[in-house]
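Visitor: just a sequence and a predicted model for now, questions to come.
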Amino acid sequence: MHLFIPLPLPCHGRPLKRPAGLLFIGLLLFTFSGELLTPARADERESISEQDFLRPFPVVIAPTQLVQSTLEAPAAVTIIDREMIKAMNVREIPELLRRVPGVTVAYENGSNYFAAYQGLNDGFSRRMQVLVDGRSVYNQFYGGVVWSSLPLEVDDIERIEVVRGPNASTDGSNSFLGTISITTRHSAEDRGAHARVRAGNDDIRDTYLRYGGATESLSYRLTGSYRQDDGLETRPDDRQIRYLSGRADWNLTPTQRLMVQGGYNNSDLEQGYDTNQFAILTNPFEACFPQHNRPINEAYGQIRFEHIPSADEQTLVQAYYSRLHTAFHYTLPPLCGGSTDRDNYTVERYDLELRDVSRLSPTVRATWGAEVRWDGIDATERSSTNPASPFPNDHGNLSSRLLGHLEWKFAQPWLLNVGAMLEKDTLSDYFGLSPRAALHYFFTPTQAVRVGIAKGVRTPNFVEEDWKSDFYYSSGGLAAEKMLAREIAYVSYFPAYELSLDVRLFWNRVHDLIVANPTVFPFDYVNKGHADIRGVEGQANWKLSRDLRLNLAYAYTNITSDDPFGINFSDSNPKHIADGFLTYHFNDWWQSSVGYYYASSMEWLNDGARVPAIHRLDFRLARRLELGPAASTVALKLENILHDEVTYKETNQMKRILFLELDLSF
């Protein structure tokens with residue numbers, strides 16, 4: 001169970017200016033335990049053996065679909081594991097991504113939230129690919145992800161890998177700035193019943209129920225949840241979200257397994273603004289977008305077969321189907337034309353994929369794959385005062401992909417990763433190759449330098465390429481956005497300290513940006529403008545002791561652009577983003593965490609605005625309880641301790657929150 005209790009948290013005086021200041025305070029909060037914050041005792045350090053250096057490094061799969069250590073992967077990757085997910089204890093998936101260097105999280109309203117990386121983004125974040133168990137949830141309608149309607153709960157996530165940089169050689173177009181790869185928990189991990197409820201300020205009312213079982217060869221899980229809240233204080237953005245999912249895993253033979261899962265989400269999302277007859281004089285956009293309800297239904301089904309004859313061999317075949325539907329209407333105020341607008345659309349996706357992993361020699365591993373996908377949209381926009389209405393939009397896009405990747409340890413201190421994807425889309429008639437190469441030099445078995453180069457691609461979505469409505473009249477013929485990304489990175493792992501480091505310099509050249517032409521109405525999309533993205537990123541994951549873990553992240557990003565049509569790409573990302581997250585287990589009963597996140601001022605594009613710097617401090621204290629046969633945990637969580645957070649635009653305010661939580665497992 002979760003119990004939210006609001007508590008006023010006054011903030012007298014100014015917040016600390018430097019991220020390091022609050023990180024230092026966060027460290028001090030834990031010193032009262034009486035334990036010194038040292039990486040290991042002297043006697044522990046003196047007894048290091050060869051086995052210590054053979055401990056498993058942090059491993060990833062998202063960059064190439066090969067199981068690789070972070071030292072061997074051809075791209076920078078941030079891992080958000082189950083321990084961190086539980087310690088953060090957030091309600092929304094994008095909030096987990098604050099731990100990733102260079103990621104900014106914002107709320108266009110209480111039901112539309114997103115995570116942006118390295119700028120160039122507005123309220124859609126259309127330049128990031130998002131995968132759930134290998135299933136793309138990127139919406140081809142307008143790009144981006146509708147996180148509120150996604151059939152997925154935070155509690156069902158086992159792990160997130162964020163590839164920082166273009167991953168088109170593995171995931172194809174739209175993994176332009178990076179890929180967020182989410183892995184849900186295996187059904188065998190969740191046996192028995194689990195219940196959680198929340199109640200608190202902003203009319204928060206959440207319920208989460210889960211039941212799992214298993215036989216000798218089969219395990220399964222059923223999950224249901226309901227969430228509601230009032231959203232941001234300054235917007236009419238109430239929401240109610242209903243979610244149901246199921247997963248089953250069969251061990252068909254010792255080398256073959258089958259996974260089947262499906263989910264459904266039904267959301268009622270309040271949209272728009274409180275409008276009046278005079279608002280159009282100060283903010284025409286808000287005045288002409290009145291308050292209304294937007295129901296969204298999203299469902300999916302997925303089946304995956306794996307044959308794993310050995311640790312170096314795997315054949316995977318998977319297919320999935322997804323569908324998103326919404327319909328809404330509202331009446332414009334008289335000064336905006338007074339028309340009654342209705343809109344409904346259905347987006348469907350069918351996908352079939354084959355991948356194979358094999359070892360060609362003692363020094364060479366390879367993976368290859370093929371994928372075919374069909375995206376379709378059936379949409380109608382109506383306006384009671386426009387003689388061209390209704391505007392039918394019925395489009396499809398058939399995309400086919402062929403990929404390959406080779407990992408070659410051609411000499412003792414050297415490793416080479418090369419890969420590419422050949423891809424074709426029918427919507428924009430795109431046909432192209434997205435290659436990537438990375439050369440690694442190992443100073444020691446646990447320290448390496450990586451030099452890499454990669455091509456990123458983003459193909460236009462349905463609205464950009466071929467859409468007809470009151471506001472958009474796309475003429476089509478767009479080219480794909482393209483990026484050439486280069487990096488130099490130092491990656492290391494120190495087993496004696498259980499410390500991993502990742503620092504990289506990057507410089508990316510983006511051209512053929514797809515932007516809306518504001519000089520014509522209805523708006524049309526064109527290829528215009530370029531941007532250079534340069535900077536440095538670093539992250540550290542340090543287990544200082546058996547009970548103490550520290551995660552640090554920092555990114556400096558500088559964007560220079562010709563800013564076509566005055567669109568301020570140059571300032572579309574904070575120059576400085578810093579994050580620190582500390583978890584501590586006092587004993588078997590008590591655990592706590594503190595997180596500090598800082599992002600300097602930036603400007604959100606489209607209908608967003610310049611927002612001030614973010615200083616966010618969160619704290620959690622949890623205690624394990626024994627209530628008869630039930631295992632339970634009670635926790636206290638404080639969010640936005642320092643002050644209200646301005647997000648996406650100056651009128652959007654996220655308040656401070658205090659809540660209590662109780663989980664029960666039977």
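Guide: Ah, there it is.
Visitor: just give me the residue right at the centre of the chain.
Guide: By Cα atoms, centre = their mean, the chain has its centre lying nearest to Ile180, at 4.8 Å.
Visitor: distance check, the residue lying closest to that one once chain neighbours are set aside against Gly143.
Guide: For Ile180, the nearest residue in space outside its immediate sequence neighbours is Val130; the separation is 4.7 Å by Cβ to Cβ, 6 or more residues apart in numbering. In this view, the C-beta of every residue, glycine as well, is placed from N, C-alpha and C. Counting by Cβ to Cβ, to the nearest Å, the gap between Val130 and Gly143 amounts to 11 Å.
Visitor: contacting residues around the helix or strand where the residue nearest to Ile180 lies?
Guide: For Val130, the enclosing helix or strand under DSSP states H and E is strand 128-132. Contacting residues not belonging to strand 128-132 are listed as 62, 115-117, 136-138, 144-145, 150, 152, 167, 171-172, 174-182, 184 [Cβ atoms under 8 Å, 6 or more residues apart in numbering].
Visitor: tally of neighbours for Gly628?
Guide: By the other Cβ atoms under 10 Å criterion, the neighbourhood of Gly628 contains 7 residues.
Visitor: before we move on, what about Ala319?
Guide: Residue neighbour count, defined by other Cβ under 10 Å, stands at 15 for Ala319.
Visitor: just to revisit the earlier point, from Phe659, how far off is the residue nearest to Ile180?
Guide: With the distance defined as Cβ to Cβ, Val130 ends up 27 Å from Phe659.
Visitor: repeat for Val646
Guide: As it turns out, when the distance is counted by Cβ to Cβ, Val646 lies 22 Å from Phe659.
Visitor: more neighbours: the two, which one.
Guide: More neighbours sit around Phe659 than around the other of Val646 and Phe659, counting by other Cβ under 10 Å; the figures are 23 against 20.
Visitor: my guess is that one is in a helix, correct?
Guide: No: going by DSSP: H, G, I helix; E, B strand; the rest coil, the assignment for Phe659 is strand, not a helix.
Visitor: wait, it sits on Val197?
Guide: No: in this structure Phe659 lies outside contact range of Val197 using Cβ atoms under 8 Å: 11.4 Å.
Visitor: any chance you could map the strands in the stretch 451-600 of the chain?
Guide: 481-494, 499-511, 514-517, 524-527, 530-543, 548-561, 576-585, 590-599 (DSSP state E, counting those that start in this stretch).
Visitor: could you pull out the helices in the stretch 51-200 of the chain for me?
Guide: Using DSSP state H, counting those that start in this stretch, the helices of the stretch 51-200 of the chain run over residues 82-88, 93-96, 168-171.
Visitor: what's the most buried one of those helices?
Guide: Per-residue neighbour counts averaged over each of the helices of the stretch 51-200 of the chain give the maximum for helix 168-171, namely a mean of 28 (mean count of other Cβ atoms under 10 Å).
Visitor: I would like the residues contacting that one, please.
Guide: Contact with helix 168-171 is made by 62-65, 129, 131, 136, 175-176, 179, 403, 405, 419-421, 423, 434-436, 454-457, as judged by Cβ under 8 Å, 6+ apart.
Visitor: mind checking which of these land in strands?
Guide: When the contacts of helix 168-171 are checked against strands (DSSP state E), the matches are 129, 131, 136, 179, 403, 405, 419-421, 423, 434-436, 454-457.
Visitor: contacting residues around Gly459?
Guide: Gly isn't right for residue 459; it's Thr. Ser173, Asn174, Asp425, Leu427, Ser428, Tyr430, Ala480.
Visitor: could you tell me which of these count as buried?
Guide: By neighbour count, with 16 or more other Cβ atoms under 10 Å, those hold Ser173, Asn174, Asp425, Leu427, Ser428, Tyr430, Ala480 as buried.
Visitor: now these as TSV including pLDDT and distance to Ala311?
Guide: As requested, the buried ones among the contacts of Thr459 are exported to TSV (pLDDT from 0 to 100; distance: Cβ to Cβ, whole Å):
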residue	pLDDT	distance to Ala311
Ser173	91	32
Asn174	91	32
Asp425	94	36
Leu427	92	40
Ser428	91	41
Tyr430	94	37
Ala480	95	38
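Visitor: of those, just say which sits nearest to Ala540.
Guide: Of all those, the one sitting nearest Ala540 is Asn174; the distance, using Cβ to Cβ, is 30.0 Å.
Visitor: so that closest one sits against Arg458, correct?
Guide: Yes: checked against Cβ under 8 Å, the pair Asn174 and Arg458 is within contact range at 5.5 Å.
Visitor: joint contacts of the two?
Guide: When contacts are counted by Cβ under 8 Å, 6+ apart, the set common to Asn174 and Arg458 consists of Arg126, Arg127.
Visitor: switch the buried ones among the contacts of Thr459 over to TSV; also include distance to Asn573.
Guide: Formatted as TSV, the entries for the buried ones among the contacts of Thr459 read as follows, by distance: Cβ to Cβ, whole Å:
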residue	distance to Asn573
Ser173	22
Asn174	19
Asp425	27
Leu427	28
Ser428	26
Tyr430	26
Ala480	22
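Visitor: out of these, which is nearest to Thr633?
Guide: Asn174 (38.4 Å).
Visitor: got the contact list for that closest one?
Guide: For Asn174, the contact set (Cβ under 8 Å, 6+ apart) comprises Arg126, Arg127, Met128, Gln129, Tyr138, Gly143, Val457, Arg458, Thr459.
Visitor: for the residue nearest to the centre of the chain, what are its contacts?
Guide: Residues in contact with Ile180 (Cβ under 8 Å, 6+ apart) are Leu97, Ala115, Met128, Gln129, Val130, Leu131, Ile160, Val162.
Visitor: what's the answer for Ala622, then?
Guide: Remark: with contacts taken as Cβ under 8 Å, 6+ apart, Ala622 is in contact with Trp590, Gln591, Ser592, Thr633, Val634, Ala635, Leu636, Glu661.
Visitor: host element of the closest residue to it other than its chain neighbours?
Guide: Take Ala622 and drop its neighbours on the chain: the residue closest to it by Cβ to Cβ, 6+ apart is Ala635, 3.7 Å away. Taking DSSP H and E as the definition, one finds Ala635 inside strand 630-639.
Visitor: got the angle for that strand vs strand 590-599?
Guide: An angle of 30 degrees separates the directions of strand 630-639 and strand 590-599 when computed by axes from the mean of the first three to the mean of the last three Cα atoms, to 10 degrees.
Visitor: pretty sure Val634 contacts Leu627?
Guide: No: in this structure, Val634 is not within contact of Leu627 by Cβ under 8 Å, at 9.9 Å.
Visitor: show me where the stretch 351-500 of the chain has helices.
Guide: With DSSP H, counting those that start in this stretch applied, the stretch 351-500 of the chain shows helices at 462-465, listed in chain order.
Visitor: and the residue nearest to Ala622, how many residues sit next to it?
Guide: One way to gauge burial is a neighbour count; for Ala635, by other Cβ under 10 Å, it gives 22.
Visitor: so what's the nearest residue to Arg504 once chain neighbours are set aside up against?
Guide: In this structure, Arg504 finds its nearest non-sequential neighbour in Ala489, 3.6 Å apart by Cβ to Cβ, 6+ apart. For Ala489, the contacting residues are Ala76, Val449, Arg450, Val451, Gly452, Asp502, Val503, Arg504, Leu505, taking Cβ under 8 Å, 6+ apart as the criterion.
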